[in-house]
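In: need a structure here:
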Amino acid sequence: MPSKFWRGSVAYTETGRRYTVEAVEDGTVYCTTESGAETEFSEVAMLTEAEWTARASRHSGQVYDRLKQSRIYAAPAAKLDRAAAVAVLAKIERLNPGILDFAAFTTAARILAESGEAELAARLSISKCRAVFEGASPETRASLLAAIIATPVDVLLNAARLGDNLMRALVEKGMAARAAEFEEFCDRPRS
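Out: Numbers count the residues shown, from 1 in each chain. As a prediction, the model looks like this:
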């Protein structure tokens, strides 16, 4: 029976690791990684690019359901003032467009990494991550945002009552370590 792989084709493991096929002999697929490392797998354990894409699209809806059920979203936030959380989220969205999208996407990527599925983060939809984020309570969203901008949540909530310039400065200072990551994120398509 002819192999579904040929020299130069792409093969994926069950976990989504990508390899380039070098040879196929007696049910064994000899592969290399992008870095040039050589390895071999049983042909039945590997997926073609078409099989991997079909599998990924079939499971994509399940990813967002798992995100919603994550302990990060399910765990109640510390006792916070709901009105202050709503105010700070609205103010930050107005002053720093895209920051809540970044928080939603970063949180989703963190959840996937903690569950051993970090490779799925590259295919996440920003709008679907944001919908999951928006489904959480304002207190939870404010807590997650505070963690991302490296600011204690009580400081962030108190800053909502102060002026726009202080809020911008607080966010800029907190995001300084993630500036390159945020810039790269802003270049992603909003699918």
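
In: Residues contacting the helix or strand bottoming out on mean pLDDT in the chain, please?
Out: Among the helices and strands of the chain, helix 49-68 carries the lowest confidence by mean pLDDT, DSSP states H and E, at a mean of 76. Identification of contacts with helix 49-68 by Cβ atoms under 8 Å, 6 or more residues apart in numbering yields 9-12, 16, 47, 73, 108, 111-112, 115, 117, 120, 123-124, 128-129, 131-132, 135. (Each C-beta comes from the backbone N, C-alpha and C, glycine too.)

In: Can you tell me what sits against the helix or strand just after that helix?
Out: The first helix or strand that comes after helix 49-68 along the chain, using DSSP states H and E, is helix 71-74. Contacting residues not belonging to helix 71-74 are listed as 67, 107, 110-111, 132, 135-136, 140, 144 [Cβ under 8 Å, 6+ apart].

In: just for this structure, where's the confidence low?
Out: Scanning the chain with the threshold set as pLDDT under 70 gives 1, 56-61, 75-77, 190-191.

In: Where do the helices of it begin and end?
Out: Applying DSSP state H to the chain gives helices spanning 49-68, 71-74, 82-95, 99-114, 126-134, 138-148, 153-159, 164-175, 179-186.

In: Could you pick out the buried ones from the contacts of helix 49-68?
Out: Using 16 or more other Cβ atoms under 10 Å as the burial test, the contacts of helix 49-68 include 9-12, 16, 47, 73, 108, 111-112, 117, 120, 124, 128-129, 132 as buried.

In: can you tell me which two in those are farthest apart?
Out: Comparing every pair within those by Cβ to Cβ identifies S9 and Y73 as the most remote, at 39.0 Å.

In: Next, the contact list for the spatially most central residue of the chain, please.
Out: When Cα atoms, centre = their mean is applied to the chain, the residue found nearest the centroid is A109 (2.5 Å). Counting by Cβ under 8 Å, 6+ apart, A109 touches 118, 121, 124.

In: Around the first one, how many other residues sit close by?
Out: Which is A118. If you count neighbours by other Cβ atoms under 10 Å, A118 ends up with 14.

In: Touching, it and L112? I think so.
Out: Yes - using Cβ atoms under 8 Å, A118 is in contact with L112, at 5.6 Å.

In: list the buried ones in the least confident helix or strand of the chain?
Out: So, applying 16+ other Cβ under 10 Å, buried residues of helix 49-68: 52, 56, 63-64, 66-67.
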